[in-house]
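S.K.: below are the sequence and a predicted model; questions follow.
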Amino acid sequence: MIYPLTFGYKLVYALCLSPLRNIPGPFFARLSNIRLGYIGMSGKMSKYAMHDYEKYGDLYVCGPNAVSLSNLVDLKSALSTHAFAKPEFYHAFHLFGIENILSSSNADLVGIRKRQVGPFFNLGYLQNMEPTILKAGYQALKEKWDAQIEAEAKGNIEINYSMSYMLTTLDVIGALMCGQELECIKTDNVVPIKWVQDSMMLHMHKAVFPILKAFPFSLLVRGLEDNFGRATRAVRRLINRRRAILDSGAEKPVDLLQAFLDAEDPHSKIRMSETEIQVESMLMLGAGIDTTANTLAWTTHLLMLHPDIYRRAVDEIRSQFDSGHLITYADAREKLPFTEACIYESLRLCPVIGGQLPRSIPSGGVTFQGHYLPGGTELHINFRGAAMNKDMWPEPYKYNPDRFVGNSEARRNFFAFSSGVRVCTGRNLSWMEMLTIFANMLKDYDWSLPDDYTHLGPKVLDERGYPKKMESRHFIITASANPERDCRLVIKKHVE
Ligand code: HEM
């Protein structure tokens, strides 16, 4: 009896009483959060975010008390202020219960943290770290590939770029944040990646299913918990090691770990405690690997599906730089607008944070798209919808880097790194890694698809007539669903 009554009440409320009743959206989403939970846990968040945006438009209901927003003007306004705070969902990302730069909804704390660490992610400071970024990044990749090509009689090798990019971005953030050359690309060591990914996954699962925090359900995530413990202890050891090095009177290294140890908010003069340093360091490791690596993977994939665009990028790079020149970030920014646009467009068409992220509508409510949304309504930032928004991006499904060349309006309406007060802290670092790896790789190697790579390619088209993209899955990050099969590339050294 109780179930029919509850259902009846929910139905009447959703259709007749709810303040969201006149907003379009899937019927079932009005009654229950099950649809949202299922989409999240099935790895299809990015697909649904796009599909629902296409069907229901800039604002639609995605849960009984939740709406999804893709309108660029409204998104900018919501993201520009701390009033649209991160809701409880994020608290599962408090590591050891400690609020951090990603998880906190406390504007004061976020402000302090941003002033403490933000300056070290500015381009000026990053330039000091560029030699480390190049050494652990592109130069390590090149060293490995050149040795492998040298050993191959046929003069080329097949690489799995998904794994290569993961190991490289791990080495870069490891060198900067752990103060240690991890050399994972050299040794094919995937263990630290597993620790970091499992740590993120653990907190993601807890955010979606808070019951996992309680015994006996916590046993279900025991394996993830163990790897989180290993990552935690490793970072602690590295911080202790750095303290010991400093105590011995050695010169301060120029890296992010040192920056975090020294970081001070210029307003309050507050510095981070030892645990806060550990938490923020772990967070940077979690945020800094898959994001950058998968953006590189999508860009590589898209270039292989569009040979004309690949050719234009290669021609641009080789016409600007000699084969022996190591392209720096400043070089690329100054001389490679089309190559840079290839990454921008890849982040638009295949955004790695391609799902929806929640915020709370402040008390007093807000009117978006002609609909009043009361305070306390959950506002889901639809990054996928924003990237496909037809008003801003004509032919949104087409991979067209030209839309970003010399187009400041396109860049202003680009949300891949979010925007406003909670914009991505690591975006400049990520750009430095991506552009230097990508430009140097295109300069030094000729790329082609393996002969047996016939399931996808420039001539295999999707239902819209564009080259069909590899299947993706979305768990925090939108990545290839079958990297072993789909992220293969043949590279050979380019000879002038
Ligand atoms: C292509 C690479 C990257 C993309 C597309 C990306 C995207 C994003 C997005 C969309 C957000 C907003 C998340 C939210 O609102 O919850 C974010 C936040 C954040 N990102 Fe990134 N990110 C990238 C790389 C990095 C790197 C390399 C780091 C650090 C090493 C980093 C650190 C962070 C941090 C700390 C936040 C939280 C900022 C805050 O809440 O105020 N990200 N990123």
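M.R.: It's in. As the structure is a prediction and not an experimental result, all values here were calculated from the model. Numbers count the residues shown, from 1 in each chain.
S.K.: residues near whichever residue of the chain sits closest to the ligand, how many?
M.R.: Nearest residue of the chain to the ligand: Gly426, at 2.1 Å (C-beta to the nearest ligand atom). (C-beta placed from N, C-alpha, C; glycine too.) Neighbourhood size, Gly426 [other C-beta atoms under 10 Å]: 21.
S.K.: tell me if I'm right that it and Ile289 touch.
M.R.: No: Gly426 is beyond contact range of Ile289, at 10.5 Å (criterion: C-beta atoms under 8 Å).
S.K.: can you give me phi and psi for Ala313?
M.R.: Main-chain torsions, Ala313, degrees, to the nearest 10: phi -60, psi -50.
S.K.: surely it touches Phe338?
M.R.: Yes: taking C-beta under 8 Å as the definition, Ala313 is a contact partner of Phe338 at 6.0 Å.
S.K.: what about the two, which has more around it?
M.R.: Comparing Ala313 with Phe338 by other C-beta under 10 Å, the one with more neighbours is Ala313, at 24 against 16.
S.K.: and the residue lying closest to the more buried one once chain neighbours are set aside, what helix or strand is that in?
M.R.: Of all residues beyond its chain neighbours, the one nearest Ala313 is Thr339 (4.8 Å), with distances taken as C-beta to C-beta, 6 or more residues apart in numbering. Following DSSP states H and E, one finds Thr339 within helix 337-349.
S.K.: does the helix or strand following that helix reach the ligand?
M.R.: For helix 337-349, the following helix or strand on the C-terminal side (DSSP H and E) is strand 356-360. Yes: against the ligand, strand 356-360 shows contacts by C-beta under 6 Å from any ligand atom at Leu357.
S.K.: and strand 356-360, how far out from the chain middle?
M.R.: Between the centre of strand 356-360 and the centre of its chain there are 16 Å (C-alpha atoms, centre = their mean, to the nearest Å).
S.K.: neighbouring strands - and their directions - for that strand?
M.R.: Next to strand 356-360 in the sheet, as set by DSSP bridges, lie strand 378-382 (antiparallel).
S.K.: and the ligand, is the strand it pairs with touching that?
M.R.: No: Strand 378-382 does not reach the ligand (C-beta under 6 Å from any ligand atom); its nearest approach is 6.9 Å.
S.K.: using CSV, list the CA coordinates for that strand.
M.R.: Taking C-alpha atoms only, strand 378-382 is exported to CSV below (Å, rounded to 0.1, in the frame of the first residue of the first chain):
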residue,chain,number,x,y,z
GLU,A,378,20.6,21.4,-7.8
LEU,A,379,22.1,22.9,-10.9
HIS,A,380,24.0,20.5,-13.1
ILE,A,381,26.6,22.2,-15.2
ASN,A,382,26.3,20.4,-18.5
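S.K.: what stretches of the protein score poorly on pLDDT?
M.R.: Applying pLDDT under 70 to the chain picks out residues 1.
S.K.: any idea how far Phe28 is from the residue minimising distance to the centre of the chain?
M.R.: Nearest residue to the geometric centre of the chain (C-alpha atoms, centre = their mean): Thr291, 3.3 Å. Thr291 is 32 Å from Phe28, where distance means C-beta to C-beta, to the nearest Å.
S.K.: next one: Asn400
M.R.: 35 Å.
S.K.: so for the two, which sits in the more crowded spot?
M.R.: Each of Asn400 and Phe28 has its neighbours counted (other C-beta under 10 Å); Asn400 has more, 18 against 12.
S.K.: let me see the contact set for the residue nearest to Ile353 when sequence neighbours are not counted.
M.R.: Spatial nearest neighbour of Ile353, chain neighbours left out: Phe383 (5.6 Å); criterion: C-beta to C-beta, 6+ apart. Shown in contact with Phe383 (C-beta atoms under 8 Å, 6 or more residues apart in numbering): Ala49, Pro351, Ile353, Gly354, Gly355, Gln356, Leu357, Phe415, Ala416, Ser418.
S.K.: mind checking if the longest helix along the chain is in reach of the ligand?
M.R.: Secondary structure of the chain per DSSP state H: the longest helix is helix 222-247. No: no part of helix 222-247 sits near the ligand under the criterion C-beta under 6 Å from any ligand atom; the closest distance found is 13.8 Å.
S.K.: by contact count, what packs against that helix?
M.R.: With contacts taken as 3 or more C-beta pairs under 8 Å, 6 or more residues apart in numbering; DSSP states H and E, helix 222-247 sits against helix 191-208, helix 256-262, helix 274-288.
S.K.: tell me which residues in it are buried?
M.R.: Neighbour counts over helix 222-247 (16 or more other C-beta atoms under 10 Å) mark Leu224, Glu225, Asn227, Phe228, Ala231, Thr232, Ala234, Val235, Arg236, Leu238, Ile239, Arg242 as buried.
S.K.: now do the contacts for the last one.
M.R.: When the contact criterion is C-beta under 8 Å, 6+ apart, the partners of Arg242 are Gly179, Pro253, Leu257, Gln258, Leu261.
S.K.: give me that answer again for 6 Å
M.R.: By C-beta atoms under 6 Å, 6 or more residues apart in numbering, the residues touching Arg242 are Gly179, Leu257.
S.K.: tell me how many other residues crowd the residue nearest to the residue of the chain closest to the ligand when sequence neighbours are not counted.
M.R.: Spatial nearest neighbour of Gly426, excluding adjacent residues (C-beta to C-beta, 6+ apart): Gly288 at 5.5 Å. Gly288 is flanked by 24 other residues according to other C-beta under 10 Å.
S.K.: shouldn't Gly288 be in contact with Gly174?
M.R.: No: contact status for Gly288 versus Gly174: not in contact, 9.4 Å apart, counting by C-beta atoms under 6 Å.
S.K.: which residues are contacting stretch 442-456?
M.R.: For stretch 442-456, the external contacting residues (C-beta under 6 Å, 6+ apart) are Glu158, Met304, Ala313, Val314, Ile317, Lys468, Arg488, Leu489, Val490, Ile491, Lys492, His494.
S.K.: tell me, how many residues neighbour the closest residue to Lys468 other than its chain neighbours?
M.R.: Spatially, and ignoring its direct neighbours in sequence, Lys468 is nearest to Asp462 (4.2 Å; C-beta to C-beta, 6+ apart). Asp462: 10 surrounding residues under other C-beta under 10 Å.
S.K.: do Tyr138 as well
M.R.: The tally of other residues near Tyr138 (other C-beta under 10 Å) stands at 23.
S.K.: do Glu484 as well
M.R.: Counted with other C-beta under 10 Å, residues neighbouring Glu484 total 10.
S.K.: nearest residue to it in space, please, no chain neighbours.
M.R.: Leaving aside its sequence neighbours, Glu484 sits nearest to Asn160 (C-beta to C-beta, 6+ apart; 6.7 Å).
S.K.: next, find the distance separating that neighbour from Ala293.
M.R.: In this view, Asn160 and Ala293 are 12 Å apart by C-beta to C-beta.
S.K.: between those two, which one's more packed in?
M.R.: Under the neighbour definition other C-beta under 10 Å, Asn160 and Ala293 were set side by side, and Ala293 has more, 29 against 16.
S.K.: element containing the more buried one?
M.R.: Assigned by DSSP H and E, Ala293 falls in helix 290-305.
S.K.: other SSEs contacting that helix?
M.R.: Under the contact criterion of 3 or more C-beta pairs under 6 Å, 6 or more residues apart in numbering; DSSP states H and E, helix 290-305 touches helix 161-177, helix 337-349, helix 427-444, strand 477-480.
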